[in-house]
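J.: Sequence and predicted model, in that order:
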Amino acid sequence: MELSYVGPNHSNNSVVMRFPAERALFAVDFIPVRGVAFRNLPAAYIPDWMEALKRVEAMDFDILVPGHGPLGKKADVGAFRGYMESLYAEVITQTRAGKSLEEMQQTIRLDEYKEWSQYEKFLPLNIEGMHRRIILHRRGS
């Protein structure tokens, strides 16, 4: 077994476990399989999270073992990164356009992910969390 710290993501202390002989990787909480992120991203490091996902994508494995939900494949890491990048892009674009959080929660849909687990329940909360993180780190123009 190999332990790797891939950087801040869902929190600042996630370690992944890779099992080379089994071609499996265990990652808790920051890589759901065909599911959106949990609630409102309470302790998330957004840009770092996307970089951590890229580091996991560069690892050699076939089976993704999340802390919750079904087993996945390596491709599920890239799919989730795509979700996070799309969410970030939509929220930052609408923030720059002066939209309120409530307006964003009504208009951002990310329909390509609507079949994912917890989409309806957590998308508005994901938008809230992403908005909070963007506002927290936003520099003046």
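T.: Alright, I've got the coordinates.
J.: Apart from its neighbours in sequence, what residue is nearest residue 36?
T.: Take residue 36 and drop its neighbours on the chain: the residue closest to it by C-beta to C-beta, 6 or more residues apart in numbering is residue 122, 4.9 Å away. Backbone N, C-alpha and C define where each C-beta goes, glycine included.
J.: got the contact list for that neighbour?
T.: 36, 37, 38, 39 (C-beta atoms under 8 Å, 6 or more residues apart in numbering).
J.: The second one: helix or strand, and which one exactly?
T.: Read it as residue 37. Residue 37 belongs to no helix or strand when assigned by DSSP states H and E.
J.: quick one: contacts for it?
T.: 10, 44, 83, 84, 87, 122, 126, 129.
J.: Then residue 29?
T.: With C-beta under 8 Å, 6+ apart, residue 29 has these contacts: 10, 11, 14, 38, 66, 67, 68.
J.: How about residue 56?
T.: Counting by C-beta under 8 Å, 6+ apart, residue 56 makes contact with 6, 16, 25, 27, 31, 77.
J.: so how far is residue 3 from the residue nearest the centre of the chain?
T.: The centroid of the chain falls nearest to residue 84 when counting by C-alpha atoms, centre = their mean (4.7 Å). To residue 3, residue 84 is 24 Å away according to C-beta to C-beta, to the nearest Å.
J.: Ok, residue 124 next?
T.: 35 Å.
J.: out of these two, which sits in the busier spot?
T.: residue 124 (16 against 9; other C-beta atoms under 10 Å).
J.: Provide the secondary structure category for the more buried one.
T.: Reduced to three states with DSSP: H, G, I helix; E, B strand; the rest coil, the structure at residue 124 is helix.
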